[in-house]
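> This is a predicted model, with the sequence first.
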Amino acid sequence: MHHDEMNSENLPDLPERRIFLGRSVGFLTLLGSGVGVRGLWYEPRHAVVEEQLIVSPKLPAGVEVRLGQLSDLHIQTVNRYHREVAAQVNALGVDAVLLTGDYLEEKRNLAGVVRFLQLLHAPQGVYGVQGNWEYWSRLEGENLRQRFAAAGVTLLINERIDLAVTGIPLSLAGLDYPSLADSLKRLQAQIDPQRLNLLLSHVPAFDHHLLDKRWDLILCGHTHGGQVRLPALPPLHLPMYSGDFVAGNYRVGAHATPLYVNRGIGTSGLPVRFFCPPEITLIRLVGADAERSKFAV
């Protein structure tokens with residue numbers, strides 16, 4: 001489980017977190033109290049649904065697969081906001097819910113995470129991968145898998161699971177943090193190109209040059225979308241393994257595989273978001289007869 005690498009990280013006083021804290025405090029001080037209220041109170045507590053319509057030749061006309069994505073929960077205490085997020089997801093009518101890591105924070109409140117996960121419901125189930133905070137909290141691996149299973153969530157650790165959604169053969173593959181090349185190669189070798197194949201990775205920056213044509217979509221998180229933003233300016237800070245990916249749609253690798261980065265529903269470093277609201281992603285995979293999409297796979 002990459003323990004050698006993870007033990008080199010300190011919890012919670014990580015250098016990249018100190019950088020983010022310092023920049024964010026200075027940013028909010030500069031902007032003043034009125035804007036600070038927006039960033040500290042309003043925006044972190046109001047998740048928005050981002051809908052992505054994706055056309056796939058693997059889907060017949062008139063068929064739609066609906067998937068919900070959540071990422072970067074960073075749960076310290078389960079509160080009204082988290083209950084509202086779960087209610088929003090459940091109301092989307094998705095076939096499955098996909099989670100792309102970082103459920104924990106400094107308090108290592110696994111019990112709270114489990115309470116939140118128990119609120120999520122979908123006919124085909126709830127599936128997730130681990131993020132860096134699961135390793136930093138030292139609650140990763142089989143321990144986490146068992147606790148998630150008790151909450152009705154399947155944790156994918158460098159493995160795939162096969163589903164049949166509205167008659168469509170769909171495979172979900174979970175690439176474990178930090179999405180190492182050897183792990184990707186082994187996982188990719190298990191993938192049937194005839195199926196609709198989704199790859200879940202907490203981090204968006206990994207060895208994209210290794211990707212072959214088997215993948216139809218990659219879902220990631222980790223970046224928080226930058227968390228604190230100013231329009232038309234780059235983020236103040238992005239964590240390691242973000243690369244050039246911030247939020248939204250990208251194409252990666254030799255086959256221009258679609259990759260989507262979710263902004264997350266939680267915060268880290270400071271409980272603040274600015275021009276970067278929390279995100280619930282609705283993925284609508286449809287046949288080629290559908291309306292024009294954000295990108296086609």
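Ah, there it is.

> For residue 209, grab the count of nearby residues.
A count of nearby residues for residue 209, using other C-beta atoms under 10 Å, gives 9. In short, each C-beta sits where N, CA and C put it, glycine included.

> Which stretches in the protein count as strands?
Per DSSP state E, the chain carries strands over the ranges 48-55, 64-70, 96-100, 126-129, 153-155, 159-165, 168-175, 196-201, 217-220, 248-252, 257-261, 279-286, 295-296.

> Now render those strands as CSV, adding mean neighbour count and mean pLDDT.
Listed next are these as CSV, based on neighbours: other C-beta atoms under 10 Å; pLDDT from 0 to 100:
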stretch, mean neighbour count, mean pLDDT
strand 48-55, 17, 96
strand 64-70, 23, 98
strand 96-100, 26, 99
strand 126-129, 26, 98
strand 153-155, 21, 98
strand 159-165, 15, 97
strand 168-175, 22, 98
strand 196-201, 24, 98
strand 217-220, 26, 98
strand 248-252, 16, 98
strand 257-261, 23, 98
strand 279-286, 22, 98
strand 295-296, 15, 55
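
> Can you add distance to residue 110 and give those back as CSV?
Formatted as CSV, these follow (distance: least, C-beta to C-beta, whole Å):
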stretch, distance to residue 110
strand 48-55, 27
strand 64-70, 17
strand 96-100, 14
strand 126-129, 13
strand 153-155, 12
strand 159-165, 21
strand 168-175, 19
strand 196-201, 20
strand 217-220, 23
strand 248-252, 30
strand 257-261, 25
strand 279-286, 22
strand 295-296, 36
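
> confidence score at the closest residue to residue 86 other than its chain neighbours?
Leaving aside its sequence neighbours, residue 86 sits nearest to residue 119 (C-beta to C-beta, 6 or more residues apart in numbering; 3.6 Å). Listed pLDDT for residue 119 reads 98.

> Once you drop chain neighbours, what's closest to residue 202?
With C-beta to C-beta, 6+ apart, the residue lying closest to residue 202 is residue 101, at 3.4 Å.

> ok, the residue nearest to residue 86 - contacts?
Neighbouring residues of residue 119 by C-beta atoms under 8 Å, 6 or more residues apart in numbering: 82-83, 86-87, 90.

> is it true that residue 184 touches residue 207?
Yes - between residue 184 and residue 207 there is a contact at 6.0 Å, judged by C-beta atoms under 8 Å.

> Who has more neighbours out of those two?
residue 184 (21 against 15).

> And the nearest residue to that one once chain neighbours are set aside, how far from residue 191?
Distance criterion C-beta to C-beta, 6+ apart; nearest residue to residue 184, sequence neighbours excluded, is residue 210 at 5.5 Å. Distance of residue 210 to residue 191, computed by C-beta to C-beta, to the nearest Å: 12 Å.
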